[in-house]
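A.B. asks: can't give you the sequence, but here's the structure:
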């Protein structure tokens with residue numbers, strides 16, 4: 001084995017097949033990414049209610065660890081609005097006496113939760129739970145992000161107006177905001193207004209220009225030059241420098257149990273959001289997504305985050321989108337971002353002291369606003385109303401009960417929707433159109449495929465919950481047929497499994513069909529389903545000649561046995577081919 005082959009096998013997956021001509025694009029993309037990520041992550045630290053420098057630390061060592069351990073070429077790992085909001089609400093709810101936001105103790109709890117989150121993700125990797133990322137439907141994810149956005153925006157309004165207003169529930173926060181309207185710091189409000197105007201204008205007219213960085217720098221310079229730090233709230237002294245390593249101060253092993261209650265929600269959000277983001281961008285570029293390897297990278301990133309004095313990190317959809325737009329190819333861009341951020345915290349930490357809170361709040365406000373995807377809400381409304389309702393329900397749950405409850409509810413709603421679809425799937429009687437074309441007609445009494453023949457298609461697996469409805473549908477079709485039914489053909493093309501409970505119902509149904517003087521026929525049975533039906537004894541109650549590999553084969557056998565049922569034009573349907581379909 002050559003040395004080059006050995007090195008290629010040892011290389012991290014995200015750098016596999018790296019080409020020298022990608023380097024320039026990766027570095028330029030990394031510089032642009034750092035220009036946006038630095039102010040964003042400072043804002044996320046305010047959402048998590050930890051020191052500003054902790055937000056910057058999330059895009060240094062955690063980003064480096066994921067780059068070398070994870071699989072995704074583009075996924076940007078760092079602070080994220082959803083996990084930051086979940087973390088803040090979770091720490092507030094653990095019930096520790098005297099624990100207040102932005103304190104040292106609060107940060108230590110945030111670090112411990114990051115460590116526990118990393119451990120839970122490691123367990124998820126061992127159990128290969130990457131598939132859980134598939135259990136957040138698009139509608140649920142839209143609603144979850146919108147609810148998170150509204151919650152975060154509400155939390156930034158006091159900072160933009162220059163006063164503090166607390167509350168565990170969103171209505172309490174709004175009430176406190178209304179009560180403090182007389183305490184508005186107009187200087188802070190002016191900074192927030194200018195920041196919003198410049199950022200919105202930048203997105204509109206110069207989308208690739210790092211407006212956020214320019215606004216941050218200019219606001220720091222303005223406060224320092226004119227001495228406005230005494231008149232408006234500013235960040236204050238930032239004790240930055242290199243991250244320190246170690247177990248969070250004051251945390252004991254017994255605190256791990258308490259931290260787990262928050263870390264479970266964080267791990268679930270990290271797993272699902274990162275998996276969805278990594279898979280989406282991999283598919284855009286024709287790549288395979290190794291979600292379980294990415295979970296390992298996220299585990300390492302969160303462990304190093306907790307041990308280096310910062311909070312939970314996540315795969316960021318917005319920053320990953322930015323990296324893709326800047327033509328970044330690999331994690332080299334993220335390593336560039338980490339290097340630039342390290343230089344900022346080591347050499348320019350003193351300059352951050354004069355940064356107005358209002359500027360950070362305005363930046364985060366717009367970030368949160370982008371989470372409310374009105375276009376996708378509108379599209380879901382036009383395409384599928386029930387999923388629009390699910391999206392709205394998820395958003396309301398997040399807003400009313402918090403992000404932690406929201407993500408669990410989102411998973412539950414997604415699973416319930418999956419069960420609902422399996423419980424009440426599409427059901428058709430396959431009709432015969434002109435020139436042997438297929439025609440799918442809604443299954444209802446009075447339908448038949450040919451005289452004496454009903455070809456029934458059921459677009460779901462059979463299991464204990466839907467087997468009863470399935471049997472009722474078939475019996476209604478048989479009883480309501482315009483002519484006595486000779487054959488009832490079950491099209492199993494999309495049916496992959498029949499559980500034990502459903503098999504007993506299916507056996508009773510077959511016996512009923514036979515007692516009515518008709519034959520129960522199976523068509524489109526794949527080898528795996530056939531073996532399942534054989535083990536459950538279903539094939540034993542059928543005529544061996546009444547199991548066909550395709551619906552077309554079953555139909556031709558029926559017409560051969562009953563020539564009087566042939567179509568008037570004599571053209572047999574090609575139901576086992578790609579023959580054009582006719583609408584019902």
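C.D. replies: Nice, I can see it. A quick note: this is a predicted structure, and the numbers were derived from the prediction, not measured.

A.B. asks: Quick check, central residue of the chain?
C.D. replies: Note on the chain: the residue nearest the mean C-alpha position is residue 273, at 4.1 Å, using CA atoms, centre = their mean.

A.B. asks: counting contacts, what elements does the helix or strand containing that one pack onto?
C.D. replies: If you go by DSSP states H and E, residue 273 is part of helix 255-284. Counting contacts by 3 or more CB pairs under 8 Å, 6 or more residues apart in numbering; DSSP states H and E, helix 255-284 packs against helix 81-92, helix 104-126, helix 291-307, strand 314-315, helix 317-325, helix 403-423. Every C-beta, even on glycine, is put in place using the N, C-alpha and C of the backbone.

A.B. asks: Let me have the ones you listed in a markdown table, extended by mean pLDDT.
C.D. replies: Supplementary listing: these in a markdown table, determined by pLDDT from 0 to 100:
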| stretch | mean pLDDT |
| --- | --- |
| helix 81-92 | 85 |
| helix 104-126 | 94 |
| helix 291-307 | 94 |
| strand 314-315 | 92 |
| helix 317-325 | 78 |
| helix 403-423 | 73 |
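
A.B. asks: what would the ones you listed look like in TSV with distance to residue 505 and mean neighbour count?
C.D. replies: Output for these, formatted as TSV (distance: least, CB to CB, whole Å; neighbours: other CB atoms under 10 Å):
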stretch	distance to residue 505	mean neighbour count
helix 81-92	43	27
helix 104-126	36	23
helix 291-307	36	26
strand 314-315	44	30
helix 317-325	44	20
helix 403-423	14	19
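
A.B. asks: Quick one: these as a markdown table, columns for distance to residue 560 too.
C.D. replies: Listed next are the helices and strands packed on helix 255-284 as a markdown table, based on distance: least, CB to CB, whole Å:
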| stretch | distance to residue 560 |
| --- | --- |
| helix 81-92 | 61 |
| helix 104-126 | 56 |
| helix 291-307 | 50 |
| strand 314-315 | 58 |
| helix 317-325 | 57 |
| helix 403-423 | 36 |
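
A.B. asks: out of the ones you listed, which comes closest to residue 211?
C.D. replies: With CB to CB, the closest approach to residue 211 among the helices and strands packed on helix 255-284 belongs to helix 317-325: 12.9 Å.

A.B. asks: ok, then the element right after that closest one?
C.D. replies: helix 332-347.

A.B. asks: Residue 82 is in contact with the residue nearest to the centre of the chain, correct?
C.D. replies: Yes - with contact defined as CB atoms under 8 Å, residue 273 reaches residue 82; the gap is 6.5 Å.

A.B. asks: tell me, what's touching those two both at once?
C.D. replies: By the contact definition CB atoms under 8 Å, 6 or more residues apart in numbering, residue 273 and residue 82 are jointly contacted by residue 314.

A.B. asks: avg pLDDT for the helix holding residue 273?
C.D. replies: Mean pLDDT, helix 255-284: 83.

A.B. asks: what's the one helix or strand residue 160 maps to packed up against?
C.D. replies: In this assignment (DSSP H and E), residue 160 forms part of helix 138-161. Applying 3+ CB pairs under 8 Å, 6+ apart, one finds that helix 138-161 contacts helix 23-48, helix 81-92, helix 170-179, helix 186-205, helix 357-370, helix 374-383, helix 385-401, helix 403-423.

A.B. asks: Mind listing what's buried along it?
C.D. replies: 139-161 (16 or more other CB atoms under 10 Å).

A.B. asks: what bits of this protein have low per-residue confidence?
C.D. replies: Along the chain, the parts satisfying pLDDT under 70 run over 1-11, 132-136, 165-168, 238-240, 280, 283, 403-404, 407, 433-438, 568-584.

A.B. asks: ok, now which ones touch the closest residue to residue 546 other than its chain neighbours?
C.D. replies: Nearest in space to residue 546, with sequence neighbours left out and distances taken as CB to CB, 6 or more residues apart in numbering, is residue 521 at 4.4 Å. Shown in contact with residue 521 (CB under 8 Å, 6+ apart): 487-490, 542, 546-548, 554.

A.B. asks: ok, now residue 224?
C.D. replies: residue 354.

A.B. asks: Tell me which helix or strand it sits in.
C.D. replies: helix 211-226.

A.B. asks: Taking their axis directions, that helix and helix 186-205 sit at what angle?
C.D. replies: 150 degrees (axes from the mean of the first three to the mean of the last three CA atoms, to 10 degrees).

A.B. asks: Now do the buried residues in helix 211-226.
C.D. replies: For helix 211-226, by 16+ other CB under 10 Å, it's 211-213, 215-216, 219-220, 223.

A.B. asks: sorry, back to before: name the nearest of the contacts of residue 521 relative to residue 367.
C.D. replies: Among these, residue 490 lies closest to residue 367 (CB to CB), at 52.4 Å.

A.B. asks: That closest one pairs with what?
C.D. replies: Bridge pairing for residue 490 (DSSP bridges) gives the partners residue 456, residue 522.

A.B. asks: ok, it - how many residues close by?
C.D. replies: Neighbours of residue 490 under the rule other CB atoms under 10 Å: 25.

A.B. asks: for it, what are its contacts?
C.D. replies: Counting by CB under 8 Å, 6+ apart, residue 490 has contacts 456, 458, 474, 520-523.

A.B. asks: Pull the contacting residues for residue 97.
C.D. replies: Residues in contact with residue 97 (CB under 8 Å, 6+ apart): none are found.

A.B. asks: which secondary structure element contains it?
C.D. replies: Remark: residue 97 resides in no helix or strand, with elements defined by DSSP H and E.

A.B. asks: From residue 107, how far out is it?
C.D. replies: Distance of residue 97 to residue 107, computed by CB to CB, to the nearest Å: 17 Å.

A.B. asks: Check residue 26 too.
C.D. replies: Distance from residue 26 to residue 107, counting by CB to CB: 33 Å.

A.B. asks: and what of residue 462?
C.D. replies: Here the criterion is CB to CB. By it, residue 462 lies 54 Å from residue 107.

A.B. asks: now residue 317
C.D. replies: The gap separating residue 317 from residue 107 is 26 Å, by CB to CB.

A.B. asks: Over to residue 254?
C.D. replies: For residue 254, the distance to residue 107 equals 19 Å [CB to CB].

A.B. asks: Enumerate every residue touching the closest residue to residue 81 other than its chain neighbours.
C.D. replies: Excluding the flanking residues, the one nearest residue 81 by CB to CB, 6+ apart is residue 152, at 5.5 Å. Going by CB under 8 Å, 6+ apart, residue 152 touches 47, 81, 85, 364-365, 367-368, 371.

A.B. asks: Most neighbours among the residues you listed, which one is it?
C.D. replies: Most neighbours among these, by other CB under 10 Å: residue 47, with 28 neighbours.

A.B. asks: what sits against it?
C.D. replies: Neighbouring residues of residue 47 by CB under 8 Å, 6+ apart: 81, 84-85, 88, 152, 155, 364.

A.B. asks: Check the gap between it and residue 21 for me.
C.D. replies: Residue 47 sits 39 Å away from residue 21, going by CB to CB.

A.B. asks: next one: residue 474
C.D. replies: Residue 474 is 62 Å from residue 21, by CB to CB.

A.B. asks: Same check on residue 98?
C.D. replies: The value you get for residue 98 to residue 21, if CB to CB is used, is 57 Å.

A.B. asks: Same question for residue 275.
C.D. replies: 30 Å.

A.B. asks: Of the two, which one has the most company?
C.D. replies: Set side by side, residue 275 and residue 21 show more neighbours around residue 275, with 27 against 8, by other CB under 10 Å.

A.B. asks: Check the contact between that one and residue 290; I expect there is one.
C.D. replies: No - applying CB under 8 Å, one finds residue 275 not in contact with residue 290, separated by 10.5 Å.
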